[in-house]
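K.L.:
need a 3D model of the sequence below.
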Amino acid sequence: MEATPQVRIGPLLRDWRRRRRLSQLDLALRADSSARHLSCVETGRAMPSRGLLLRLCEAMDIPLRERNALLLSADYAPAYRESSLQDADMTSVRAALNRLLTAHEPYPAVVVDRVWNVLAGNRSLSMLTDVVSPTLMHPRPNVFRLILHPNGLAPRLVNLEEVRELTLAALRRQVASTGDPRLETLYAEISGYPRPEGTGDEDWAAVPPRPWTPSPVEVPLRLRTPRGELALFSTMTTFGAPADVTLSELGVELFYPLDDATEKALRSGAAALA
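P.N.:
Numbering: from 1, shown residues only. As a prediction, the model looks like this:
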């Protein structure tokens, strides 16, 4: 027998509430409802209205893709469209992304989707990826694979253990926050990578690390490259108040130099690419 909407939607809402570590009373107050009614919804004794369901999603800060899934589970139409970046009405978005990537040169920058696949990058990105195995660049590179795969940047990271711990912790938080099975699969893959042996290049191994001074960034990316050791940190930029699933899942990671030596190396490398 096919599950009724009440049976489908109730456990899903309960899972999200528990993921957000909210009591029924806390969530009910945030969504302008009652704990009694919410309890009936979660146990399948009551059906939430479309308006209440949307308020619950907003109160729990559920990603737009999952909001649509919850609406469908309750037999309601999705509230948010999902476009392709190549659609005509996304022209302004593509233009904004291109301007942001170009303006950030000579520093590397990438556009990523929800599972950290690289959708676009500026020319300066090649200064980080030119030491990466071509197999990691096709069909589409993934930021976590690029950083931690034994054939990626991992053998060149001066502070591999710190970066690995920070990266996996960030991915674990995202898995817990979204419940996305694709991210769970990615985490299982990334966390299982073996530690690379050595640096993979005798010339680089012979170059001692640069003296390091205290930094305002807890775990910078310290990377040995043909241009010397680079010290980088990054920020994430997202679109404000997106009403499209694709747009809500886009992020732009911008890398910045942490010292003068890195600044000079990036500028020199960018000039050579011009």
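
K.L.:
leaving out sequence neighbours, find the closest residue to residue 114.
P.N.:
Leaving aside its sequence neighbours, residue 114 sits nearest to residue 249 (Cβ to Cβ, 6 or more residues apart in numbering; 3.8 Å). Every residue, glycine included, has its C-beta placed from N, CA and C.

K.L.:
roughly how far is stretch 23-34 from the heart of the chain?
P.N.:
Centroid separation for stretch 23-34 versus its chain: 29 Å, with Cα atoms, centre = their mean, to the nearest Å.

K.L.:
ok, now which ones touch the residue nearest to residue 114?
P.N.:
By Cβ atoms under 8 Å, 6 or more residues apart in numbering, the contact list for residue 249 reads 63-65, 113-114.

K.L.:
in PyMOL, how would I select just the buried ones from those?
P.N.:
To isolate the buried ones among those in PyMOL, judged by 16 or more other Cβ atoms under 10 Å, type:
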select buried, resi 63+64+65+114
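
K.L.:
of all pairs in the contacts of residue 249, which one is the farthest apart?
P.N.:
64 and 113 (13.3 Å; Cβ to Cβ).

K.L.:
enumerate every residue touching the closest residue to residue 15 other than its chain neighbours.
P.N.:
Counting by Cβ to Cβ, 6+ apart, residue 15 lies nearest to residue 179, which is 7.4 Å off, once chain neighbours are set aside. For residue 179, the contact set (Cβ under 8 Å, 6+ apart) comprises 15-16, 19, 66.

K.L.:
one step back: just the contacts of residue 249: which are in strands?
P.N.:
Using DSSP state E, no member of those falls in strands.

K.L.:
what is the nearest of the contacts of residue 249 to residue 129?
P.N.:
In terms of Cβ to Cβ, no member of those lies closer to residue 129 than residue 113, at 17.5 Å.

K.L.:
for that closest one, phi and psi?
P.N.:
When read as degrees, to the nearest 10, the backbone of residue 113 gives phi -100, psi -170.

K.L.:
change the start of the numbering to 9 and stick with it
P.N.:
Yes, from this point I'll number from 9; that puts the last item at residue 121.

K.L.:
for the stretch 109-258 of the chain, what spans make up the strands?
P.N.:
117-120, 126-129, 229-233, 236-245 (DSSP state E, counting those that start in this stretch).

K.L.:
and of the ones you listed, who's closest to residue 194?
P.N.:
That would be strand 117-120 among the strands of the stretch 109-258 of the chain, by Cβ to Cβ, at 12.3 Å.

K.L.:
okay, now the sheet partners of the closest one, with direction.
P.N.:
Strand 117-120 pairs in its sheet with strand 126-129 (antiparallel), strand 259-265 (antiparallel), by DSSP bridges.

K.L.:
burial-wise, tell me which of those comes out on top.
P.N.:
Sort the strands paired with strand 117-120 by mean neighbour count, taking mean count of other Cβ atoms under 10 Å, and strand 259-265 sits at the top with a mean of 19.

K.L.:
could I have the CA atoms of it written out in CSV?
P.N.:
Provided in CSV are the C-alpha atoms of strand 259-265 (Å, rounded to 0.1, in the frame of the first residue of the first chain):
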residue,chain,number,x,y,z
GLY,A,259,29.5,29.3,-3.8
VAL,A,260,32.5,31.3,-4.8
GLU,A,261,35.7,30.4,-2.9
LEU,A,262,38.3,33.2,-3.1
PHE,A,263,41.9,32.6,-2.1
TYR,A,264,44.1,35.3,-0.7
PRO,A,265,47.9,35.5,0.1
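
K.L.:
can you spell out which helices and strands pack onto the helix or strand just after it?
P.N.:
Past strand 259-265, further along toward the C-terminus, the next helix or strand under DSSP states H and E is helix 268-281. The helices and strands touching helix 268-281, judged by 3 or more Cβ pairs under 8 Å, 6 or more residues apart in numbering; DSSP states H and E, are helix 134-137, strand 236-245.

K.L.:
that'll do, ta.
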